[in-house]
Structures are given as structure tokens and as C-alpha cells.
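Here is a sequence together with a model predicted from it:
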Amino acid sequence: MTAERQLIALRPLLRPRSVAIVGVSAEAGSLGGNVLANLTRIGFKGDIHLVSRNNREIGGRACVGSIDELPDGIDVAVLAVPRQASIDAVKACVRRKIGAALVFASGFAEMDEAGRADQDAIARIANEAKLALCGPNCIGLVNLTDRVALTFEPLSLPAQAQGRGIGVVTQSGAMCSTLRLALLAKGLKLSIVVSTGNEAQLTTEHFLEFLIDDDATEVIVLFMEQVRDPALFLELAARARERKKPIVLMHPGRSARAQESARTHTGAMVGNHAVMSALVAHQAAVRVETLEELLDTAEILARFAKPPVKGAAVMTNSGAFKGYALDFAETLGLDLPALSAANTEAIKKILPPFAAIENPVDTTAQTVRDPSILGSTAAQLLADPAMGSLVISIVAGAPRFAMDKANAILSGIANLEKPIAVATMGDETELPAEFSACLRDKGLAFFRSPDRALRAMARATWYGSAVTSPRLRAETPALPPFPLPNPPPLAGEGGVGAGALTEYQGKALLAMLGIAVPEGALARDPDDASEIAERLGYPVVLKAQAAALAHKSDAGGVVLNIADRAALMRAWDGVAADVRKAQPDIGLDGMLVEAMAPPGLELVVGARREPKWGPILTIGLGGIWIEALHDIRILPADIDRDGIIDELRKLKGAALLRGGRGTPAADLEAIADCVLRLGAIMRGDPRVTEIEINPLRVYGKGALALDVLVHVG
């Protein structure tokens, strides 16, 4: 964490005891006037100071003509002034020793270079004075815990619900308003809601840090269009994970970057969004795809103190829904465990004889005649130790019957130790106004769609499993960093300079790391090649070697399965001619002669330094699979062995790793060992910028790196 970040205090901005509104007006709908109305409406208990050029009094409150007429030491100034006046206003705030400033004005960096220059200027002034600056181009913030409303958006504030407080940070003002209204409409409790705007100085990471330490905030919702400080964000996500404070994150932009290449080069298949998604997941941040998921997952995690770590029980009064729920849960990765024997017998006594007793449980149409079946069955499902949560999806029926079902469900809920979501089918079918209210008042989550309920429960269950994972608690540490000698003694006098290494140099690096490579040596001429081949034993492989020849096969630089000396001599001449034709100016270091490796399953294993995010690792199936399935997993460079094996099992083609039809299961430990060693070198030596082993051929016992591309800086 930077010294600058530590010195900028957010308390005056987020928990002010005194507020100055600069640019306030009595005109209806004015920005400053709306802030004053909101502070009054929310019941702010601190001092309010008004600055207005044209008014000496507004609403019975005295006004001063300029910031310089304010008393020293006010906590926060809300600057409802045009862009052109913002720089002077921030300077005046510094002169009056004001602790924080909030800038509404737009037309800064989002507009043009002149606006960017002004934005940089106010940020520089704020940084030098250690004044906390929110914005510009934001709608402000609301702190419902301490009754502070520094926003120009007219507030509608329902009574605060009981429960776990949700903190919300968005860069977008519209999203800030949308999420605040939607979460309040669900009857959820909010702590602090912030729109950060252009983030000239204070970024989402600043506010995230504050919310992690805030006792009133127990769940954090983020809508981020850009992660400005990835290293800090991951550090804070790790702290939130340790404190069991869920972060629910929506980050649009998955399709913003086109693929750089269709080749089987893992680095080109990994965009910033994919890197972000993978790395935040490894810190147990819950990344969602839609606004509904963002709201719904936050509701589950806010209503229930303990997230589920086991699968869900599903109960419905529609037999047709059972098959759909099984399919959808499988798509979501939500386990629906089998009922215990004891619970099966207990539920048999509740349901009619023709009911199939399994998960999902169909309570049948008998619930129309006897709604109490719903409560009794729910109680049994919640008592089953195999179930981590309960999703109830019902056809509510006509409004006069809906409340009978709601009350019956509530009768079976003794406590909220396990998360419970109730969903009604039928989209906007009419329900009594009190239907959702009675469920939410009891503490249950309610949705107008079973899809949303299942998806939110799947996300919450993922979080519960991730945050309790021994791997994330670092019980099995990764290999320590592995720094190379300086210069790396790979080949040639004085080592290797910057740029791409030849394959034989790259394999020397792998051998130094303890990664197995085929037996072989560099031949400078055909006689060398013959001598090496005789020593290794035929069949052998011949590969042209030059740093500028990254894709040898494309240039005819590889010959496999060479059976004898005569074939080797022909191969030497053929490779030399083909490479010269493909790249006339290239100079070969020689040719690598290696023992022919036995067949096996091919993977691609890589490591690279991702701009801003730092070193990452990648694993995927090799050959055609990587292109056909885009089957890549992205891992942090400090991941441990268990984590690597877990990621291997998540590959789309993971079934191939399990073997079958005469092929042995792949040696996952050998793969993990290779990945661990790549992580160690990336963390230990910043000169190594990228490594790709393609393929890593894996056997029932062991693995061999058949080709490698290494870039050093």
C-alpha cells in the first residue's frame, strides 16, 4: 500500500461532521439545492455551511459569498460548480484546511484533452494537500449508517431494514443510483453508497479499503469499468476474504479486446478481462455477469451470515420444473445432493404415495388442498446435513391462495442458519403486495424468477466454498521464488541477452528449474548431429535453432522420427534449405538433435507478465484442443499444488486427463510440478517475461517439455 494512500483520510468525506455546499442555490432542482434538501431529508446531525454568490440566505440558513469566508477545518466541501471554476474551488478548499472535496462537474477527462489537463490539475492540488477528492463527474455518495447524503440526486429513502449492511461502489453515477434503489427495494440494509466518477484521485480501491475496515459494512458490491490498481485490488480482495466480507463484482468488458492471434499461443489467448476474472476469483471475489446477478447474489450474502458450502436442496410444486432445475443447476455448477436415507423416509410420510422422493422434491398438486405440505417438506430439507441451502420454486396460484403458500413455507422455517430463497414462477403474475414482504421480513430472499434464485444461490455457494478453501488459507504454500544467476548461464559466453531465446537455450533454463526435457544436444554441423544421434539412439528429432525462428514447423524447421544416419543427413539438408527459403536472412545457431519422445497427452503450459496484473500462469490442452475449445485456465503465479490440480480438473477437456480406452490417467502431480516451477521463476526473476511450453507431453508417470519459447528482458 502506497504512502500516499495511507495519508489520504476518507473519514472526512464518508463520515463528515460538517459539510459546506459550494454553489448552492434556492432554485428548484439545482445541484447544490438538492444536496441541501437531501441532507435535511436524511437527518444529517452535523453543521451545514452554504456558499452562494447570489444569496445571503437559503431556507433560513445563512450563506457566505466564497469558500475563503468559511471557517477552517470543515470536513467536506461539495462543489456544485462548473468545470471552469473547479480548480480555483479546490485551491480554496486547501486554503481553508477542508478535509475533503466532492466534485460533481463533468467535462473533464471524459471529454477532451483540456478537460484532462484540468482533472490532472485538481488531482495534483488534492494530492499535495492530502485532501480527499471524490470525482469529478460523479453523483456523490450516501452514508445511510451515519445519515449523510452528499448527492444531487433527489433521494427516496425507505426505512432501513435490519440485517447485514451492504456497501456499494461504482464508477458510474447511473449504476450507483440503480443499485441503491434496487437494493433498498429488496428491503436490504445499505451502509455506504459511492459514485467515484472519473477517479482523478480517489479510486474504487480507496473506497474498497475503507469498506473492508468498516464495521457497518458486511457485504461489498462493486460495479467497476476499470481496475486502476490491480496489485492493490488483489491485496484488498485477499484482506476481505480473510475477514469473510464477500465482494460481489461486476466488470463489463469481456469482449472489448479482440483475440491477438488464432495460434496456439496462450499469451495471445489471454486478455486483460480474462486475467482479471481469474485472479479476483482466486481471492474469492464473486464475479457476476449481469446486473440481476449482482443484486441477487448480494441479497443472498447479505441476508444470511453463513454462506453455503454444500449443495442446494430444491423444492417445487411443479413436476415439470424438476428436470429444468437439474439441467440449469448443472450448467451453473450448483450441486443438488441426494437426500439422506433418513430424510427420504421422513418426506415419504409427508407427501402422497405417488410422489417421487428425490432432490429436487416435487410436493405435487396436493399443496393446493394442503399448503402445510410446503412447510413440513422445507423443514425436512433444511434438516438434511447434506444440504447447504434451500431453493423453493413455486407456482403461487391465484392471489387469494398465494398467501396460504407463503405462510405455509414460513411455518417450516425455524432458523436462518442455511440460506433460503423463495421464487415464484409466472414472471409478473399478480401477487399480493404482502407476499414478498412477509418472506423478506422473516429474512428469506425472494425472487420473481427461479432462474435468478438458482443462479444467486450458485454464486453464494461458490463464495462459501472459495472462502473456506484450505488452498486460499495457504496451508500448502507454493514453491519459493527462484532467482536465476546473473547473467543466466544458458548458452554462449556471458549468457543470453534480451529477447527470445532459442529452444535449446530455453530448455537449458527448464532443466535448471528441474523440468524434464528430452535428451539431446545442439549440433553445429552434420557430423555433430550424427555423433549425438548415435549416442542417443535412433529414432531422433531434428530442429533448426535460431532466436528469430519462433515457429520452426511453419518454416520447415522440424523433422520427426528420423530412423538412421542416412535419413538424418537428408533431414539436415532439407531443414537447412526449407528454413533458408522461408527466412533467407536468418542465421542458424545449429540444429537440436533429441531423442524421439513416446506418445502421450499434450498440454500447453505458460507463464507471462501481464501489464499491471503481474505474473500469471496458464494451462490448457495442447494440439487442436486449445484452438477448438479455447480451453485455458489462468492462475496466479503463487498458486500451490492443490490449486493447480483443481484448475486442471476444471478444463473443458478434463476427461482426457482421466485416461481410458487403454491410455493411463495423466500424471497430474507432474503437471503441477512443472507449473509450480514456472511460477517460482516468474516470481523470482523479473528478467524472465514469458515462458511457453508447447507441448508438455504428459504420461501415466512424469511429463516432458518437448518445445519451449522463452522471452527474457
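Good, I have the coordinates. Numbers count the residues shown, from 1 in each chain.

ok, Asp88 to Arg633 distance?
Applying C-beta to C-beta, to the nearest Å, the value for Asp88 to Arg633 is 53 Å. To be clear about C-beta, it is placed using only N, CA and C from the backbone, and glycine gets the same treatment.

Neighbour count for these two, which is higher?
Higher neighbour count among Asp88 and Arg633: Arg633, with 19 against 13, using other C-beta atoms under 10 Å.

so the more buried one touches Leu621, yeah?
No. The criterion here is C-beta atoms under 8 Å, and Arg633 misses it with Leu621 at 10.2 Å.

Return the distance of Cys70 relative to Arg53.
Cys isn't right for residue 70; it's Leu. Distance from Leu70 to Arg53, by C-beta to C-beta: 14 Å.

Can you work out which residues contact both of these two?
Overlap of the contact sets of Leu70 and Arg53 (by C-beta atoms under 8 Å, 6 or more residues apart in numbering) is empty.

Quick check on those two: which one has the bigger neighbour count.
Leu70 (22 against 12).

Assign the residue of the chain positioned farthest from its centre to helix, strand or coil.
In the chain, the residue that sits farthest from the middle, by C-alpha atoms, centre = their mean, is Ala566; the gap is 56.5 Å. Classification of Ala566 using DSSP: H, G, I helix; E, B strand; the rest coil returns helix.

Pull up the overlap in contacts between Arg633 and Leu621.
Listed as contacting both Arg633 and Leu621 by C-beta under 8 Å, 6+ apart are Leu651.

residues contacting the residue farthest from the centre of the chain?
By C-beta under 8 Å, 6+ apart, the contact list for Ala566 is empty.

Would you mind measuring from it to Glu594?
19 Å.

same question, Pro252
In terms of C-beta to C-beta, Pro252 sits 47 Å off from Glu594.

again with His206
54 Å.

repeat for Arg254
Distance, Arg254 to Glu594, by C-beta to C-beta: 40 Å.

ditto for Lys97
Distance, Lys97 to Glu594, using C-beta to C-beta: 72 Å.

I figured Phe233 hits His206, correct?
No. Here Phe233 does not reach His206: they are 10.9 Å apart, not a contact under C-beta under 8 Å.

neighbour count winner among those two?
Neighbour totals were compared for Phe233 and His206, and Phe233 leads with 27 against 24 (other C-beta under 10 Å).

ok, the nearest residue to Glu594 once chain neighbours are set aside - how many residues close by?
Closest residue to Glu594 apart from its sequence neighbours, by C-beta to C-beta, 6 or more residues apart in numbering: Gly520 at 3.2 Å. Residues near Gly520, counting by other C-beta under 10 Å, number 21.

what about dumping the CA coordinates of the strand or helix carrying Glu235 to PDB?
Element membership of Glu235, judged by DSSP states H and E, is helix 230-242. Backbone C-alpha positions of helix 230-242 (Å, rounded to 0.1, in the frame of the first residue of the first chain) are rendered in PDB as follows:
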ATOM      1  CA  PRO A 230      -4.700  -4.300  -9.900                       C
ATOM      2  CA  ALA A 231      -2.000  -5.200  -7.400                       C
ATOM      3  CA  LEU A 232      -3.700  -3.200  -4.600                       C
ATOM      4  CA  PHE A 233      -7.100  -4.500  -5.600                       C
ATOM      5  CA  LEU A 234      -5.900  -8.100  -5.200                       C
ATOM      6  CA  GLU A 235      -4.300  -7.300  -1.900                       C
ATOM      7  CA  LEU A 236      -7.600  -5.800  -0.700                       C
ATOM      8  CA  ALA A 237      -9.600  -8.700  -2.000                       C
ATOM      9  CA  ALA A 238      -7.400 -11.000   0.000                       C
ATOM     10  CA  ARG A 239      -8.000  -8.900   3.100                       C
ATOM     11  CA  ALA A 240     -11.800  -9.000   2.500                       C
ATOM     12  CA  ARG A 241     -11.500 -12.800   2.100                       C
ATOM     13  CA  GLU A 242      -9.700 -13.200   5.400                       C
END
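
Go through it and flag the buried ones.
Across helix 230-242, burial judged by 16 or more other C-beta atoms under 10 Å covers 230, 232-234, 236-238, 240-241.

What of stretch 88-106?
89-90, 92-94, 96, 98-106.

how long is it end to end?
Start and end residues of stretch 88-106 are separated by 16 Å (C-alpha to C-alpha, to the nearest Å).

any low-confidence regions in the protein?
Counting by pLDDT under 70, the chain shows low-confidence ranges at 1-6, 160, 162, 255-271, 471-477, 484-498, 623-629.

ok, for Cys134, nearest residue in space, not its chain neighbours?
Nearest-residue entry for Cys134: Leu102, 4.6 Å, with adjacent residues in sequence omitted and distances by C-beta to C-beta, 6+ apart.

just Gln366 next, same as before
Leaving aside its sequence neighbours, Gln366 sits nearest to Pro352 (C-beta to C-beta, 6+ apart; 5.4 Å).

Can you tell me the SS state at the one you found?
Pro352 is classified as coil under three-state DSSP.
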